[in-house]
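Colleague: Any chance you can model this:
(chains A and B)
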Protein chains: 2
Amino acid sequence: MRVLGIDCGGEYTGYGVVELCSEEELVCLTCGAIRLSPRQPLARRLTRIYDELGILISEHRPGEVAIEEVFYALNVKSALKLGQVRGVAMLAAAAAGLEVAEYSPLTIKSSVVGYGRADKQQVQHMVTRLLRLPEPPEPMDASDALAIAICHLHTAGTLQRQRAAAR
Amino acid sequence: MRVLGIDCGGEYTGYGVVELCSEEELVCLTCGAIRLSPRQPLARRLTRIYDELGILISEHRPGEVAIEEVFYALNVKSALKLGQVRGVAMLAAAAAGLEVAEYSPLTIKSSVVGYGRADKQQVQHMVTRLLRLPEPPEPMDASDALAIAICHLHTAGTLQRQRAAAR
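Modeller: Numbering: from 1, shown residues only, chains lettered A, B, ... in the order given. Alright, predicted model coming up:
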């Protein structure tokens, strides 16, 4: 099972593709961040996000996409910016025929660190350990995107085991 | 000159295509609203907006697109919803190679009604008169979208006249 995690942001949009190879082994196939120049027109910035996510999906062929659920933002202006990127990211997944799962920040942190109020450094530390990476994924947005993908793999694994137990 | 105005919203997204036929004559080619069912998954709703706007653009071939600038919203949640739709609408315009112009609500109302604090009914009334429509465009989102298109045509016309005067 292979998952693309996307961490949407007004300036940086992180991404990470994680594969569950055996029951315990998680492998990072790629990660990074798309940086949008605030000097470019908005429509061009959004087109870049859409195109880069499309390329990423066609290169790495994830079976599912996971993104963070957002309930709050610093303010209305940042919520609007974030929403624009988020809409385009969901569209890119849907265009490739992929389902999009959404997880709250609390669920993601609990799943990766075991503690819902963990900070970004703790998430980065655990992502590095879980994926056995030689060094912490940078920028932080890439690490957050990997955490979202790991959270989805954990959740999907738990659901599968629950279904198996119910049979 | 033919303009597609888009009035983005969390539930209804209005659209209207207006053509400036002679110096004074504005003609409405189509208008309406795309309604998103809140029961559908978000990715599917966004895909529908993107696809319907794409069809509209290929059918009516506007030369430019105009949308409302947003500085505030009721709250962060509605700003996020609005942002998602707005991002996808801008992407649909960019995919067709069209420039997107943004206007503040104040500019749109001033341009159509002559008064920046006009209410939606006043906008609808003036849109009906300016386009010589047999009846007011419904829903209100369609009327707002036509107002955005008219605002862009007025502004573009003024710019042209300024440039001509400067020569």
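
Colleague: hey, which helix or strand in chain A has the poorest pLDDT?
Modeller: Least confident helix or strand of chain A, by mean pLDDT, DSSP states H and E, is helix A:140-166 with a mean of 88.

Colleague: So is stretch A:69-81 next to chain B?
Modeller: Yes - contact of stretch A:69-81 with chain B (C-beta under 8 Å from any C-beta of the partner chain) involves A:70, A:71, A:72, A:73, A:75, A:76, A:77, A:79, A:80, A:81. Glycine gets a C-beta too; all of them are placed from N, C-alpha and C.

Colleague: Stretch A:39-52 now?
Modeller: Yes - judged by C-beta under 8 Å from any C-beta, stretch A:39-52 and chain B are in contact via A:41, A:42, A:43, A:44, A:46, A:47, A:50.

Colleague: just stretch A:11-26 next, same as before
Modeller: No - for a cut-off given as C-beta under 8 Å from any C-beta, stretch A:11-26 has no contacts with chain B; the smallest distance is 11.7 Å.

Colleague: rewinding a little: so which of the residues of stretch A:39-52 next to chain B is the most crowded?
Modeller: For the residues of stretch A:39-52 next to chain B, the largest number of neighbours (other C-beta atoms under 10 Å in any protein chain shown) sits with residue A:46, at 27 neighbours.

Colleague: Could you pull up the contacting residues of it?
Modeller: Going by C-beta atoms under 8 Å, 6 or more residues apart in numbering or on different chains, residue A:46 touches A:84, A:85, A:88, B:87, B:90, B:91, B:94.

Colleague: Show me the helices in chain A, by range?
Modeller: A:42-60, A:76-95, A:105-113, A:120-130, A:140-166 (DSSP state H).

Colleague: Out of those, flag the one nearest residue B:98.
Modeller: Among the helices of chain A, the nearest to residue B:98 by C-beta to C-beta is helix A:42-60 (8.5 Å).

Colleague: Quick check: mean pLDDT of that closest one?
Modeller: Average pLDDT, helix A:42-60: 96.

Colleague: Pull the distance from it to the chain's centre.
Modeller: Put simply, helix A:42-60 sits 15 Å off its chain's centre (C-alpha atoms, centre = their mean, to the nearest Å).

Colleague: now that helix against helix A:76-95, angle please.
Modeller: 40 degrees (axes from the mean of the first three to the mean of the last three C-alpha atoms, to 10 degrees).

Colleague: Give the burial count for the one residue in chain A that gets nearest to chain B, as a bare number.
Modeller: Closest residue of chain A to chain B, C-beta to the nearest C-beta: residue A:83 (2.0 Å). Residue A:83 sits with 29 neighbouring residues when counted by other C-beta under 10 Å.

Colleague: residues touching it, list them.
Modeller: Contacts of residue A:83 by C-beta under 8 Å, 6+ apart are B:79, B:80, B:81, B:82, B:83, B:84, B:86, B:87.

Colleague: Let's have those in CSV, adding pLDDT.
Modeller: Output for the contacts of residue A:83, formatted as CSV (pLDDT from 0 to 100):
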residue, pLDDT
B:79, 88
B:80, 89
B:81, 90
B:82, 91
B:83, 93
B:84, 94
B:86, 95
B:87, 96
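
Colleague: Same list (those residues) but as TSV, adding distance to residue B:147.
Modeller: What follows is the contacts of residue A:83, written out as TSV (distance: C-beta to C-beta, whole Å):
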residue	distance to residue B:147
B:79	22
B:80	25
B:81	22
B:82	17
B:83	21
B:84	23
B:86	17
B:87	22
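
Colleague: of the residues you listed, closest to chain A?
Modeller: residue B:83 (2.0 Å).

Colleague: now the closest residue to the closest one other than its chain neighbours: how far from residue A:137?
Modeller: Excluding its sequence neighbours, the residue lying closest to residue B:83 (C-beta to C-beta, 6 or more residues apart in numbering or on different chains) is residue A:83, at 2.0 Å. For residue A:83, the distance to residue A:137 (C-beta to C-beta, to the nearest Å) stands at 25 Å.

Colleague: still on that earlier bit, right, and out of the contacts of residue A:83, which lies closest to residue B:146?
Modeller: Once C-beta to C-beta is applied, the member of the contacts of residue A:83 that ends up nearest residue B:146 is residue B:86, at 18.2 Å.
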